[in-house]
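Asker: Quick one, structure for this:
(chains A, B, C and D)
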Number of protein chains: 2
Amino acid sequence: MATDPTIRVRPVSIREVARESGVSLTTVSLILNKSDQRISEATRRRVLATIDRLGYRPNRLAQGLQNRRSHILAILVPGLKHAFADVYFGELISGIYDEASRLGYKILLEVATAGFVRQRKYIELFDQCFIDGLLFVGAHEQHRFLHDLAARQYPVLIVNNYFAQERLDYVVCDYAAAARLAARHLCGLGHRRIGMIRGAIEVQTAMDARNAFVETCRQLGTAISDDLVADGLYTEEGGGAAAEELLRREPRLTAIFAGNDKMAIGAIRRLHQLGRRVPDDVSVIGCDDIHQAAFVTPPLTTVRTPLYDLGKRSAQCMIDLIRRKVKQCHEILPVELVTRESTAPPPPR
Amino acid sequence: MATDPTIRVRPVSIREVARESGVSLTTVSLILNKSDQRISEATRRRVLATIDRLGYRPNRLAQGLQNRRSHILAILVPGLKHAFADVYFGELISGIYDEASRLGYKILLEVATAGFVRQRKYIELFDQCFIDGLLFVGAHEQHRFLHDLAARQYPVLIVNNYFAQERLDYVVCDYAAAARLAARHLCGLGHRRIGMIRGAIEVQTAMDARNAFVETCRQLGTAISDDLVADGLYTEEGGGAAAEELLRREPRLTAIFAGNDKMAIGAIRRLHQLGRRVPDDVSVIGCDDIHQAAFVTPPLTTVRTPLYDLGKRSAQCMIDLIRRKVKQCHEILPVELVTRESTAPPPPR
DNA sequence: CTGAAAGCGCTAACAC
DNA sequence: GTGTTAGCGCTTTCAG
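Answerer: The predicted structure is shown next:
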């Protein structure tokens, strides 16, 4: 008969398993861990049965205290408002979670607020809380504390960005290729007056995309001046403001490439408010292919970055790093064009 | 001089602090915890200084092992694909994170997959991993394992839903009020042929909203048959399909209330594809006021549910529950109408 | 093949 | 006021 479930009972410990199966506590531990040390099949079976019957689960805290490993990974996001409500971060987090979970790791959430950095909480996480690794989603060059961590040899991975100067580990999408796809798509449609809304200047991939976009357009015969590149802050609001600004600088603009879908969606909204039809007057192409991209009006043409898979891959790499199966990790994932209805040939003039 | 930071060094323990400041380990512990036991001001200052100098941080694993408290809360989400990429969950998670963090708790992520339930991982979390509480975001009546947990007196909180039958703790938005606001808004504009896209039938709040909507419309002179209520599965795709179905059943429909903004956005997209203009031909009102709602075309009229604040409140309640400051928690948060451009009077017939 | 014992870092009776 | 000591639950050498 089961114990009364309404009474909060202390979980069964390895000691009880040992007592119940008439062996020492060492034997139980041995069976659970190093099975190389030969335990007689009979004992093993008996102990395993007891474990099953008692519903024993090793206490991770005690294990961690001993092993100095917690099997917990932290996902760090930048100190933005409501960061977890961002689908971009969310896709990455889902990928990381699913893969980490599959490999036996748990996920702890952290936000890189000012206090987090100032009080060196990132060290604390490793030292006192025993996270085994840190995955930084949304990191950029201003996050200098990462060097602190890397210098201490703690496993840290930059998810979907990288630092030009240093050799911190990363997994990233090929944003230069994304920009080239976008440039070829727009130029191929016949656009000659093109603007770009880029992400923040401190994000390396945003700079890569900008450079590749400008360069590819130039090769295809369309010069893009610095005037026609604006910062959209990765947000809908920023994308809208940037679109308006670009149009002010060049009223004859017929196409815009935005560094992510949120900015593209913000741009479309603002263009609509300004009386420009998309794509009839102005084409807009985004980047990422977030789920919503297919449901705005008009549905967004974009470059698909495999965020979920990138998250999974990041988790794999992190765990390989922890287990020292690899010494470093610098990986670049391919992207692809997704054509929908927000791009079209420029209007006849 | 600092130690070479490139060498991964064992974090400083309480023992070293004690040795360095020439006191026993107990004294240090006492200073850090029960300061009631009077330690001379001199010793205290000396020890605190050492702690500061050495950069000592208590090891949470060791503390937890002793106290049987981890200061970690788990957020559980349903086993949907890419659950963390959902802004609805994301807003709640942001709120929970921010408040939990402020109160000294860390956040662990968990997904209620089939395996999670079958293998009773939820028990394991409490037993072996020492989470102090579980916040379930996206729970519904089919999640019967919650009773298991509650029966064991483990702190569990349902975030933004509740179970009609049982008295599990919860914090929830007033979805009945939301539906009444939507009904009054649409009826007030003059609509008489109204459809509803509701969330899943196993979600209590979805049923509350449906009942309140139908009832309020009836009171205002507009009968809504069961025919004009469709399940939109809480997704854009589902919302689109439901909108099409409603229109098939009642081609003269002039307004739709969707149980969340994603379904509303999906409905708008499909209406557009079907050649119905929003709001000229059909008005659409959503629920939640997610950030994107303001950036779709047309901007979405909706009922704002304070998801972020609800997350914060949930974290507070959970922690009060853990600390036994409260015995139970049944809280309902108010909502408000946000009028944008997706609703208008019905077309003249 | 199995067990005794030390110890991971910390807390809290209980002594002095 | 401060220190001694016994665990928390587990892993792992080292004996037998």
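Asker: can you list the domains in chain A?
Answerer: Following the assignment in automatic domain parsing, chain A carries domains at A:14-58, A:72-173+A:308-334, A:175-306.
Asker: worst average pLDDT in the ones you listed?
Answerer: Among the domains of chain A, domain A:14-58 has the lowest mean pLDDT, at a mean of 86.
Asker: start to end distance for that one?
Answerer: 7 Å (CA to CA, to the nearest Å).
Asker: Please see if that domain touches chain B.
Answerer: Yes - Domain A:14-58 reaches chain B (CB under 8 Å from any CB of the partner chain) through A:55, A:57-58. Any C-beta I mention is one placed from the backbone N, CA and C, and that applies to glycine too.
Asker: what distance separates that domain from the centre of its chain?
Answerer: 40 Å (CA atoms, centre = their mean, to the nearest Å).
Asker: can it be found next to DNA strand C?
Answerer: Yes - remark: domain A:14-58 sits within contact range of DNA strand C at A:22-27, A:30, A:37-40, A:42-44, by CB under 7 Å from any atom of the strand.
Asker: Please see if that domain touches DNA strand D.
Answerer: Yes - Domain A:14-58 reaches DNA strand D (CB under 7 Å from any atom of the strand) through A:14-15, A:25-26, A:29-30, A:32-34, A:56-58.
Asker: just to revisit the earlier point, filter the residues of domain A:14-58 next to chain B down to just the ones in strands.
Answerer: Using DSSP state E to define strands, no part of those is located there.
Asker: List buried members of these by neighbour count.
Answerer: A:57-58 (16 or more other CB atoms under 10 Å in any protein chain shown).
Asker: Would you mind measuring the gap between the ends of stretch A:138-147?
Answerer: End-to-end for stretch A:138-147, by CA to CA: 16 Å.
Asker: Which parts of that stretch count as buried, going by neighbours?
Answerer: For stretch A:138-147, a neighbour-count test (16+ other CB under 10 Å) marks A:138-141, A:143, A:145-146 as buried.
Asker: How about stretch A:316-333?
Answerer: So stretch A:316-333, judged by 16+ other CB under 10 Å, has buried residues A:316-319, A:321-322, A:329, A:331, A:333.
Asker: And stretch A:162-180, by the same measure?
Answerer: Those would be A:162-163, A:168-180, for stretch A:162-180 by 16+ other CB under 10 Å.
Asker: quick one: which of those is nearest B:L307?
Answerer: A:C173 (29.5 Å; CB to CB).
Asker: tell me the pLDDT at A:A2?
Answerer: With respect to pLDDT, A:A2 has a value of 38.
Asker: and the stretch 1-150 of chain A, which of its residues are near DNA strand D?
Answerer: Counting by CB under 7 Å from any atom of the strand, the stretch 1-150 of chain A sits next to DNA strand D at A:10-11, A:13-15, A:25-26, A:29-30, A:32-34, A:56-59, A:62-63, A:65-67.
Asker: and these, which of them are in strands?
Answerer: Those of those lying in strands (DSSP E): none at all.
Asker: Quick check on these: which are buried?
Answerer: So, by 16+ other CB under 10 Å, the buried ones in those are A:11, A:13-14, A:30, A:32, A:56-59, A:62-63, A:65.
Asker: among those residues, which two are most distant?
Answerer: Farthest pair in these, by CB to CB: A:P11 and A:L30, 20.9 Å.
Asker: Please convert the buried ones among the residues of the stretch 1-150 of chain A next to DNA strand D to a markdown table, extending it with distance to B:Y234.
Answerer: Output for these, formatted as a markdown table (distance: CB to CB, whole Å):
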| residue | distance to B:Y234 |
| --- | --- |
| A:P11 | 36 |
| A:S13 | 42 |
| A:I14 | 44 |
| A:L30 | 49 |
| A:L32 | 42 |
| A:Y56 | 39 |
| A:R57 | 34 |
| A:P58 | 38 |
| A:N59 | 38 |
| A:A62 | 41 |
| A:Q63 | 39 |
| A:L65 | 42 |
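Asker: quick one on the thing from earlier: please identify the most buried of the domains of chain A.
Answerer: domain A:175-306 (a mean of 22; mean count of other CB atoms under 10 Å in any protein chain shown).
Asker: coming back round to it: so which of the buried ones among the residues of the stretch 1-150 of chain A next to DNA strand D belong to helices?
Answerer: Secondary structure assignment by DSSP state H places A:14, A:30, A:32, A:62-63, A:65 of these in helices.
Asker: Nearest to DNA strand C among those residues?
Answerer: Relative to DNA strand C, the closest of these is A:L65; by CB to the nearest atom of the strand it sits at 4.0 Å.
Asker: what's the spacing between the closest one and B:R60?
Answerer: 10 Å (CB to CB, to the nearest Å).
Asker: A:R152 now?
Answerer: From A:R152 to B:R60 the distance is 18 Å (CB to CB).
Asker: Kindly report the same for A:V326.
Answerer: For A:V326 relative to B:R60 (CB to CB), the value is 29 Å.
Asker: Likewise for A:S225?
Answerer: 54 Å.
Asker: try A:L247
Answerer: A:L247 is 53 Å from B:R60, by CB to CB.
Asker: What of A:T302?
Answerer: Counting by CB to CB, the gap from A:T302 to B:R60 is 43 Å.
Asker: Could you do A:R349 as well?
Answerer: In terms of CB to CB, A:R349 sits 66 Å off from B:R60.
Asker: Neighbour count: these two, which is higher?
Answerer: B:R60 (25 against 7; other CB atoms under 10 Å in any protein chain shown).
Asker: so the more buried one makes contact with B:N67?
Answerer: No - taking contacts as CB atoms under 8 Å, B:R60 lies outside contact range of B:N67: 9.9 Å.
Asker: Assign A:L157 to helix, strand or coil.
Answerer: strand (DSSP: H, G, I helix; E, B strand; the rest coil).
Asker: who's in contact with it?
Answerer: By CB atoms under 8 Å, 6 or more residues apart in numbering or on different chains, A:L157 lies in contact with A:133-136, A:168-171, A:314, A:317-318, A:321, A:329.
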